[in-house]
Each structure stands twice: as C-alpha cells, then as structure tokens.
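# Model the following, please.
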Amino acid sequence: MISLSRSCLFLVKRNSSSLLLGRSSSSALHTSSFFCGKLDSDQGKNVCPKSASQSVPNKGAEYIVRNEKLHRPLSPHLTIYSFALPTLLSGTHRASGFLLGLGLGLTSLGILVAPHDFQYYVDALRHMHLNEYLLYTVKMGAAWLLSYHYLNGIRHLFWDAGKGFGLPALYKSGYAVLVLSVLSAAYLASL
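Next comes the predicted model:
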C-alpha cells in the first residue's frame, strides 16, 4: 500500500475484481487530496490516515458513484471544447518539434549503424523508381514539418519580444504561418 503524507487513497471495490482510485481538489482548503471515507460498509475500504480524513469532505465518493451511474465522465472530455486557432497551432508546434526530433534521431542512428554510406542509400532509393506522387507526398510532409516549426518558432520569438499578443494579431500571425509553411513546403518538396 502507498503511504502519502498529505493525501489519502480511497479504494472502491467494483464487481469484486476491479479497484477505483478517486481524487478530489478541495477549493475551500486550497489543497488537493484523494477522497476519504467509505461508500458503504461492504463496497469501500478507508485507507486514509486520520489527519487526512479530517480535512477532506466525505461527499466526494458518493459524487463519483452517482456520476458513474449516470454515465458521466469524471472531468469534461476534450470533445466538448471547440479549439481556437492558437490552441491548435500550439499543439501542432509541439507535435512537429517532437516528430522532427524523433526523425533526426532515428536517421542519425540509422546512418551510424548502416554498413554503407548515405549516398549508397540515396542511390538505392533512386533506382527503385518509386511513384513520383508518393515521393512528393513524403517530401512535402517532411518539408512542412520543418518549415512550420521554423516559421512558428519565429512567431514565438516575436512573442518573447512582447509583440503580437493581441487576439487579432494572434490570428493573423497564425494564418500567415500556415500559408507560408504550406508554400515553402511545396517549394522544398519540388526541389
């Protein structure tokens, strides 16, 4: 069993096999801790220390059970939100950075462990006579990741300088990054 100093665990048996851990945030106390207390005598087991069970209201466990019976999620699901352009661009910037780093790392590792030099594999790809549209699509994807991440990084540098924080400026710079990244990726892929 895990022992935590300022929080407590509440284990609830469901169908005699699975366990549920509940977590609550008490706004009155401005603390975050796990639920304490029993649902009823045969369903729950209180494993909270006495000091923790005194500071957390006992209504949290019933709230979870009531919402489970109504098939409600514990927190709002992502599907109820309509994401604005800045939110989507921020997530895309993170994802493009991750994919670029992963691609660079795997490519570097492949070049290090490969028995031939890089030019050998480039020539081997050329001699495969792959579909031009497939090659252009792959090159366009890689070029878009690079150009989008680069241009959005420049946008972030302007933000670091304290410029472009107004809502109209956020949308204008966001659309500009999208358009310029597609155009530059199309150019790079055509080389």
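# just the strands in the chain please.
10-14, 18-21, 23-26, 31-34, 44-46 (DSSP state E).
# hey, where'd the helices end up in this structure?
For the chain, applying DSSP state H gives helices covering 50-55, 59-69, 85-113, 118-127, 132-160, 167-190.
# For stretch 167-176, which outside residues touch it?
Contact with stretch 167-176 is made by Leu85, Pro86, Leu89, Arg155, Phe158, Lys163, Gly164, as judged by C-beta atoms under 8 Å, 6 or more residues apart in numbering. C-beta: built from backbone N, CA, C; applies to glycine.
# let me fix that: stretch 123-142
Contacts for stretch 123-142 (C-beta under 8 Å, 6+ apart): Gly103, Ala185, Ala186, Leu188, Ala189, Ser190.
# can you rerun that using 10 Å?
Contact with stretch 123-142 is made by Leu99, Leu100, Gly103, His116, Ala143, Val182, Ala185, Ala186, Leu188, Ala189, Ser190, Leu191, as judged by C-beta atoms under 10 Å, 6 or more residues apart in numbering.
# now stretch 90-110
Residues from elsewhere that reach stretch 90-110 (C-beta under 10 Å, 6+ apart): 83-84, 118, 121, 141-142, 144-153, 155-156, 174, 177-178, 181.
# buried set for it?
Thr92, His93, Ser96, Leu100 (16 or more other C-beta atoms under 10 Å).
# Ile154 contacts Val177, correct?
Yes - using C-beta atoms under 10 Å, Ile154 is in contact with Val177, at 8.3 Å.
# which of those two has more neighbours?
Neighbour tally, Ile154 and Val177, criterion other C-beta atoms under 10 Å: the higher count belongs to Val177, 22 against 11.
# mind listing what the more buried one touches?
By C-beta under 10 Å, 6+ apart, the contact set of Val177 is Leu89, Thr92, His93, Ser147, Tyr148, His149, Tyr150, Leu151, Asn152, Gly153, Ile154, Arg155.
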